[in-house]
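> sequence and predicted structure are below.
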Amino acid sequence: MTDHLTVVNHPLVQHKLTLMRDKDTSTNSFRQLLREISLLLAYEITRELEMTTRTIQTPLCEMEAPILEGKKLALVSILRAGNGLLDGVLELIPAARVGFVGLYRDPETLQPVEYYCKLPNELENRLTIVVDPMLATGNSSVAAIDLIKAKGAKNIRFLCLLAAPEGVARMREAHPDVPIVTASLDEKLNDQAYIVPGLGDAGDRMFGTK
């Protein structure tokens, strides 16, 4: 663990991740596991939210009770695979504002190409959590955060299921102010820029496509 990277070693996270890695896990099970693990990861990435207090009346007495401070959070999904993480995080933070960044990877250059971007307003006043299951080369994540910062976001965190050392290094170089929370720092990228040992293509396994 470093200031830039947090690996969540909770037993439930690691157990569910092992099931997701198994190539024989069904599409339905993969999708359900991703939803469950995203809830657990969301607890970690929201650990240091700013708090204030509010006066409330319990059935027994009046008290000053802790409550979240400031604007509602913004969640930004990197399409399409980010939506699997998004669903689980939204269960935990249902009032969050939601945005989407659509990027595809050019098969020859491996560079991200933007095709969609729709973000909540007043990002400069919100904690923005960017979600994408895989941090592989880091190119798509860096490009998405470039777009989000251009819209005014200043307090950004990145949530992923798996990370490769190459992607973590790329993010640290481009956006050293953006902490990363992940369930695993895997070994490396292969020649096709897939994370090894990884779990394959998260989008394909989530949606049953090839």
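Yes, it's here.
> packing partners of the helix or strand of the chain with the lowest mean pLDDT?
Ranked by mean pLDDT, DSSP states H and E, the helix or strand of the chain with the weakest confidence is helix 202-207, at a mean of 83. If you count contacts as 3 or more Cβ pairs under 8 Å, 6 or more residues apart in numbering; DSSP states H and E, helix 202-207 packs onto helix 27-45. Bear in mind the C-beta positions are built from the backbone N, C-alpha and C, glycine included.
> in the helix it packs on, what's buried?
For helix 27-45, a neighbour-count test (16 or more other Cβ atoms under 10 Å) marks 30-42, 44-45 as buried.
> and what of stretch 203-210?
With burial defined by 16+ other Cβ under 10 Å, the residues of stretch 203-210 counted as buried are Gly203, Arg205, Met206.
> can you give me the strands for this protein?
Using DSSP state E, the strands of the chain run over 5-7, 51-57, 62-68, 74-79, 97-105, 112-118, 127-131, 134-135, 155-163, 180-185, 188-189, 195-196.
> any idea of the angle the second one forms with strand 62-68?
Computed with axes from the mean of the first three to the mean of the last three Cα atoms, to 10 degrees, the direction of strand 51-57 lies at 150 degrees from that of strand 62-68.
> dump strand 51-57 to PDB, restricted to CA.
The C-alpha trace of strand 51-57 is given here as PDB (Å, rounded to 0.1, in the frame of the first residue of the first chain):
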ATOM      1  CA  MET A  51     -18.300  15.000   7.700                       C
ATOM      2  CA  THR A  52     -20.300  17.600   9.600                       C
ATOM      3  CA  THR A  53     -23.000  17.300  12.200                       C
ATOM      4  CA  ARG A  54     -26.800  18.000  12.300                       C
ATOM      5  CA  THR A  55     -29.200  18.300  15.200                       C
ATOM      6  CA  ILE A  56     -31.700  15.500  15.200                       C
ATOM      7  CA  GLN A  57     -34.300  14.100  17.500                       C
END
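> list the strands paired with it, with their directions.
Applying DSSP bridges, strand 51-57 is found paired with strand 62-68 (antiparallel).
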